[in-house]
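*Asks:* Sequence plus the predicted model coming up.
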Amino acid sequence: QVQLVESGGGLVQAGGFLRLHCAASGRPASDLAMAWFRQAPGHEREFVAAITATEGVTLYSDSARGRFTISRDDDQNTLSLHMARLSREDTALYHCAAGPLFTANPQAYQYWGQGTQVTVSA
């Protein structure tokens, strides 16, 4: 079992930046793909970015590409998401996820954190 805990969310002005973190515990997550998803009120869970277990290959949504950067530190068992040029449309609860498949499909991820709220003001 892997437990995931997100942190780093908060209130930021449009155009600003935030760095989210996800700490994994229970067992090392180094053999798992990891990803960030987000969910805004009244919307379905949306893929943001993913990273493979070993080579560090990344995948981004169209919205995230060019603004967000996903990274992982397997020595620290952590996942990060650096978000820049934030807009109000980025306001959501951001979840960290881990699983055996490198995919944008949330159903493929076994482990989920509770999320950290990101709110972008005008």
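*Replies:* Looks like it came in fine. Numbers count the residues shown, from 1 in each chain.
*Asks:* Grab the most central residue of the protein for me.
*Replies:* residue 36 (2.3 Å; CA atoms, centre = their mean).
*Asks:* name the element that one belongs to?
*Replies:* Assessed by DSSP states H and E, residue 36 sits inside strand 33-39.
*Asks:* Give me the helices and strands touching that strand, please.
*Replies:* Helices and strands touching strand 33-39, by 3 or more CB pairs under 8 Å, 6 or more residues apart in numbering; DSSP states H and E, are strand 18-25, strand 46-51, strand 68-73, strand 78-83, strand 92-99. C-beta here means a position set from N, CA and C on the backbone, and glycine is covered the same way.
*Asks:* between these, which one is nearest to residue 40?
*Replies:* strand 92-99 (4.2 Å; CB to CB).
*Asks:* Check the residue nearest to residue 5 when sequence neighbours are not counted and give its pLDDT.
*Replies:* Once flanking residues are discounted, residue 5 sits nearest to residue 23: 5.0 Å by CB to CB, 6 or more residues apart in numbering. At residue 23, the predicted lDDT confidence score is 97.
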